[in-house]
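J.: For reference, the sequence and a predicted model appear below.
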Amino acid sequence: MNLPKIETATYELTVPSSNEIIKYRPFLVKEEKILLMTKESENPDALEISVVIKQIVNNCILSDVNINDLATFDLEYIFINLRSKSVGNTVDLIYDHDCPNDEKTKNIPFIVNLDDVVVEDIKPDNSIIQITDTVSIIMKYPDYDLIKDLYSNNEDNNKKIEDIEIVIRSMKYIIDNDTKHLVTNYSTEEITEFLESLTSNQFKKIFSFFGTMPATSYRTELTCEHCDFTHDAHLTGIVDFFV
């Protein structure tokens, strides 16, 4: 006799970077075990957290989506929604605060409603970098693999991803007048040669794209009841929400 199969609810959400609607299920006991193991490790870093998030999101997305093509903030946003539907939509957090009026009060507890987490600063025009009057570059936001490599190489003093490699791995098209060149149709050597032909200011203009990256964000105002200290709290990035 076969054991019963438990029906799992399904939900929809819109991927921030593409506006694509995808379906997903809550994470189950097997995914929660992965999450708990990471949380119980001593001070998990951003790389370790990213690996777990990617694995859980990959398990739970029901639509035909290539996880490797998602921007990091897409993965974060999907994971936060998964957490909201799987465990609950509130998270209890603590803001560290040394209250001058109460030695026993060292923090301010507050509750984050995960349904209020948004992705800030998505501007389609940010991805188009005008190099000259006739040449422009269309960028894509860094994916999980690039972020993983950046963190991994930062831990190894003998390795470092150069700025030019970061740019190459984040380029989508080079546009010359009306001709659109798909970067993946060219070798790394060809793209490198193109970038090395730019002036320093032109390259800096491209690299400034990474300073405009969207991020998962939650804002709230916190007040200490003992000293009236007020703080505009701003949570951003998955490490702040990973609880």
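T.: Structure received.
J.: Quick check: what element follows the helix or strand of the chain with the lowest mean pLDDT along the chain?
T.: Using mean pLDDT, DSSP states H and E, helix 144-154 stands out as the lowest-scoring helix or strand of the chain, at a mean of 69. Going down the chain from helix 144-154, the next helix or strand is helix 163-168, by DSSP states H and E.
J.: can you list contacts of that next one?
T.: With C-beta atoms under 8 Å, 6 or more residues apart in numbering as the contact definition, helix 163-168 has outside contacts at 142, 146, 150, 183, 188, 191-192, 195-196, 203, 206-207, 210. No exception for glycine: its C-beta is placed from N, CA and C like everyone else's.
J.: List the neighbouring strands of the longest strand seen in the chain plus their orientation.
T.: Secondary structure of the chain per DSSP state E: the longest strand is strand 215-223. Looking at strand 215-223 with DSSP bridges, its partner strands are strand 118-120 (antiparallel), strand 230-236 (antiparallel).
J.: What is the nearest of the contacts of helix 163-168 to Val239?
T.: Leu150 (14.8 Å; C-beta to C-beta).
J.: Please tell me how far that closest one sits from Asp143.
T.: Going from Leu150 to Asp143 by C-beta to C-beta, to the nearest Å gives 11 Å.
J.: neighbour count winner among the two?
T.: Using other C-beta atoms under 10 Å, the more surrounded residue of Leu150 and Asp143 is Asp143, with 19 against 16.
J.: Report the contact partners of the more buried one.
T.: Asp143 neighbours (C-beta under 8 Å, 6+ apart): 68-72.
J.: Now the helix or strand where Ile111 lies: buried residues?
T.: Using DSSP H and E, Ile111 falls within strand 107-113. Of the residues in strand 107-113, those buried by neighbour count under the rule 16 or more other C-beta atoms under 10 Å are 108, 110, 112.
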